[in-house]
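Visitor: below are the sequence and a predicted model for it; my questions follow.
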Amino acid sequence: MSKTQPASARVRSVGVSDSGAPVLSDKQRSYKALFDSFTQDSEGRISPFEVLTRLRRAGICADDRRIQDAWSALDTPGQESGRLDLDRFIAICQRNSGIISRAIRGELVVPDFPRFVQDIESIYQELLNERSGAVANYIPQLGRVDPERLAIAVCTTDGQRFSVGDHSVNFCLQSVCKPINYLLALEEHGAPTVHRHVGCEPSGVRFNELSLSDKGIPRNPMINSGAIMCSSLIRPADNMADRFDYVADAWRRLASGGRIGFNNAVYLSERDSADRNFALGYFMREKKAFPSGADLLHTLEFYFQCCSIEIDADSLAATAAALATGGVAPLTETRLFSTDNVKKCLSLMSSCGMYDYSGEFAFHIGLPAKSGVAGALLIVVPQILGIAVWSPRLDEVGNSVRGIKFARMLTEKYNFHAYDGLVSGDESGKRDPRRRKNETTADGVVRLCWAASQGDLDDVRGTIATGIDPSTSDYDGRTALHLAASEGQLEVVRYLLQQGANPHARDRWGGTPATDADREGHTAVARLLTRAPADDKPAAVS
Ligand code: GLU
């Protein structure tokens, strides 16, 4: 590091080279590159607020537990003392599981998160005009909810979050409890036992139809009979209070600490108007479908309680994201369900999750989802994100009208349908949010800049050989020549100039390769860069 570099921009090196220059480990170099992407003051320190802003843009929210430690360090009152030098920046980056550095580098699962947010917001605006459908009233208390409510929340598998509308207003899970009850039963007993009591076929009849399979068991866990059956399998030996606590705690963990409530009025109202569910229960008992020892009345009450659990869209999106990862809650990085069980659950959500619209939903939307009569819709985009939509007006089969419309609009824009991968992006005209803008170029730039900073002339040559413009810059306007010049890579600088790289390129702080080299004390490189263009550059160089 040069004599001219401010003390605060130095980092404790792992050694010193023959020439007395500090040798940085690969990790330090990569953190330094990250640090260098921020605006540095005259002391070589960066503003914590710029770091926060970049994290927020990437979808990492202030209440994200993974960065709480780092966040409090960043939010130090008295901004001057809060400014970060390189060592402190590295310490902060290391205090979490790499989420800060990945977010800043744009390496999270949805790299262009602001664009995605913009699209969700415009769908939200359009949905506000949709007023068809009617609020469910067969459970009297549900009929009292404000039909105008609308919330959309998304959470990616990397925990990038965005929500809009009534996203922190609680609503009842109703049938959205069914996939989780199924998962809890699977975790406790394993699939062979669970599926001795409940099938995995779409029912083809209404969700509360008095009908069982030929084997005398419910056809699947996503309809009422199947959900009552799964409820009977959850902690059957425990008392009612413990069973409820167990399920509520599972939801709390799925919501990564988000608020989970219980709507006693809905519970009482449902219990008082549950003739159909009681009939289903007696029918199944008559067919000896329940596991031995199951108490029917307790089972039904437990099922009604699960339906009356309250959640908001933010927490439901976090839950959907935990299914999208295959069972790990992204915001706490805790495994809650086995991947194999989540796979089973998502399969049944895909075929049976949307009442009598399940087939059409699979056809048009192509995503696992579960809706409930309170107007909630949980959608899983495997390996990318989870979505919660809440809007109480339902269509004739019981799905939220705006929820279905949202799913349609989203999948018209994005290639989320299970089989969109069969059609190339260009043909379908759909966006892939996993892809960076100009991905091919971006990858090439990253590779070129990295190789240039490392002095890896072979790889610089290899990258240039793929046809990438040697003057291409990254998001911050940094070119390979800037990087090579900063690191004193004389041979790489010479080669890049020969290849026509622009020595006058300015990064977003106004720096040129020559000023970088000068700042770092690489005089030979600086001299080479400031020499007359004809000396080292072909005419093509501007
Ligand atoms: N608790 C409701 C019932 O059993 C759930 C209905 C639903 O959301 O599908 O009727």
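Guide: Now that the structure is in, tell me what you want to look at. Treat the numbers as computed from the prediction; the structure is a model and nothing was measured.
Visitor: give the full set of residues in contact with the residue nearest the centre of the chain.
Guide: Centroid check for the chain by C-alpha atoms, centre = their mean gives residue 156 as the closest residue, at 0.9 Å. With contact taken as C-beta atoms under 8 Å, 6 or more residues apart in numbering, residue 156 is in contact with 59, 108, 109, 110, 113, 321, 324, 330, 384, 385, 386. No exception for glycine: its C-beta is placed from N, CA and C like everyone else's.
Visitor: which among those gets closest to the ligand?
Guide: When the contacts of residue 156 are ranked by distance to the ligand (C-beta to the nearest ligand atom), residue 386 comes first, at 19.0 Å.
Visitor: give me the beta-bridge partners of the residue nearest to the centre of the chain?
Guide: Beta bridges link residue 156 to residue 385 when assigned by DSSP bridges.
Visitor: likewise the one 5 residues further on?
Guide: Using DSSP bridges, the bridge partners assigned to residue 161 are residue 155.
Visitor: quick check: it vs residue 186, distance?
Guide: Noted for residue 161: a distance of 28 Å to residue 186, by C-beta to C-beta, to the nearest Å.
Visitor: one more: residue 483?
Guide: Distance, residue 483 to residue 186, by C-beta to C-beta: 51 Å.
Visitor: just residue 109 next, same as before
Guide: Taking C-beta to C-beta, one finds residue 109 at 26 Å from residue 186.
Visitor: and these two? Which one has more around it.
Guide: residue 186 (23 against 20; other C-beta atoms under 10 Å).
Visitor: report the contact partners of the residue nearest to that one when sequence neighbours are not counted.
Guide: Once flanking residues are discounted, residue 186 sits nearest to residue 341: 4.3 Å by C-beta to C-beta, 6 or more residues apart in numbering. Contact partners of residue 341, counting by C-beta under 8 Å, 6+ apart, are 183, 186, 187, 191, 327.
Visitor: ok, now residue 207?
Guide: Contact analysis of residue 207 by C-beta under 8 Å, 6+ apart lists 175, 222, 223, 224, 355, 356, 398.
Visitor: go with 10 Å
Guide: Residues near residue 207 by C-beta atoms under 10 Å, 6 or more residues apart in numbering: 175, 178, 222-227, 352, 354-356, 371, 373, 397-398.
Visitor: identify the residue nearest it in space, chain neighbours excluded?
Guide: Distances taken as C-beta to C-beta, 6+ apart put residue 223 closest to residue 207, at 4.7 Å, once the chain neighbours are dropped.
Visitor: wait, residue 173 touches residue 307, no?
Guide: Yes: using C-beta atoms under 10 Å, residue 173 is in contact with residue 307, at 6.2 Å.
Visitor: which neighbours do the two share?
Guide: By C-beta under 10 Å, 6+ apart, the residues touching both residue 173 and residue 307 are 181, 263, 266, 372, 374.
Visitor: out of those residues, which are close to the ligand?
Guide: residue 372 (C-beta under 6 Å from any ligand atom).
Visitor: sort out for me which of the shared contacts of residue 173 and residue 307 are in helices.
Guide: Among the shared contacts of residue 173 and residue 307, the residues falling in helices (DSSP state H) are 181, 266.
Visitor: is it possible to get a markdown table of the shared contacts of residue 173 and residue 307 that adds distance to residue 209, neighbour count and pLDDT?
Guide: Formatted as a markdown table, the shared contacts of residue 173 and residue 307 follow (distance: C-beta to C-beta, whole Å; neighbours: other C-beta atoms under 10 Å; pLDDT from 0 to 100):
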| residue | distance to residue 209 | neighbour count | pLDDT |
| --- | --- | --- | --- |
| 181 | 19 | 26 | 98 |
| 263 | 26 | 21 | 97 |
| 266 | 23 | 26 | 96 |
| 372 | 17 | 26 | 97 |
| 374 | 20 | 26 | 97 |
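Visitor: next, count neighbours for residue 420.
Guide: Residues near residue 420, counting by other C-beta under 10 Å, number 16.
Visitor: pretty sure it contacts residue 413?
Guide: No: with contacts counted by C-beta under 10 Å, residue 420 stays clear of residue 413, the gap being 11.2 Å.
Visitor: so what sits against both of those two?
Guide: Here residue 420 and residue 413 share the contacting residues residue 430, scored by C-beta under 10 Å, 6+ apart.
Visitor: where do the strands sit along the stretch 1-150 of the chain?
Guide: 15-16, 22-23, 134-135 (DSSP state E, counting those that start in this stretch).
Visitor: and the ones you listed, which one is worst for confidence?
Guide: Between those, the lowest average pLDDT goes to strand 15-16, which shows a mean of 62.
Visitor: who in this protein is up against the ligand?
Guide: Checking the chain against the ligand by C-beta under 6 Å from any ligand atom, the hits are 174, 175, 207, 208, 224, 270, 277, 307, 372, 373, 398.
Visitor: and the first one, what's its pLDDT?
Guide: With respect to pLDDT, residue 174 scores 97.
Visitor: any idea how far the nearest residue to it once chain neighbours are set aside lies from residue 29?
Guide: Once flanking residues are discounted, residue 174 sits nearest to residue 372: 3.4 Å by C-beta to C-beta, 6+ apart. Separation of residue 372 from residue 29 (C-beta to C-beta): 51 Å.
Visitor: repeat for residue 418
Guide: 41 Å.
Visitor: strands of the stretch 351-500 of the chain, start to end?
Guide: Counting by DSSP E, counting those that start in this stretch, the strands of the stretch 351-500 of the chain are 369-371, 376-381, 385-390, 393-394.
Visitor: and for the stretch 201-350 of the chain?
Guide: Counting by DSSP E, counting those that start in this stretch, the strands of the stretch 201-350 of the chain are 260-262, 309-311, 328-329, 334-335.
Visitor: buried deepest among these, which one?
Guide: Mean neighbour count (mean count of other C-beta atoms under 10 Å) peaks for strand 309-311 among the strands of the stretch 201-350 of the chain, with a mean of 23.
Visitor: neighbouring contacts of it?
Guide: By C-beta under 10 Å, 6+ apart, the residues outside strand 309-311 that reach it are 169-174, 176-177, 180, 244, 247-248, 251-252, 254-255, 258-263, 266-267, 317-319, 374, 376, 378, 388, 390.
Visitor: please produce a PyMOL select command covering the buried subset of the residues you listed.
Guide: Buried residues among those (16 or more other C-beta atoms under 10 Å), as a PyMOL selection:
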select buried, resi 170+171+172+173+174+176+177+180+244+247+248+251+252+254+255+258+260+263+266+267+317+318+319+374+376+378+388+390
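Visitor: measure the closest residue to residue 246 other than its chain neighbours to residue 348 for me?
Guide: Sequence neighbours aside, residue 235 is the residue nearest to residue 246 in space, at 5.4 Å (criterion: C-beta to C-beta, 6+ apart). Using C-beta to C-beta, residue 235 is found at 21 Å from residue 348.
Visitor: next, count neighbours for residue 238.
Guide: 12.
Visitor: so what's it closest to, chain neighbours aside?
Guide: Per C-beta to C-beta, 6+ apart, closest to residue 238 is residue 246, 7.0 Å.
Visitor: residue 201 now?
Guide: Using C-beta to C-beta, 6+ apart, the closest residue to residue 201 is residue 219 (5.0 Å).
Visitor: ok and the residue in the stretch 201-350 of the chain nearest the ligand?
Guide: residue 307 (3.6 Å).
Visitor: so that residue is in contact with residue 244, correct?
Guide: No: with contact defined as C-beta under 10 Å, residue 307 does not reach residue 244; the gap is 11.9 Å.
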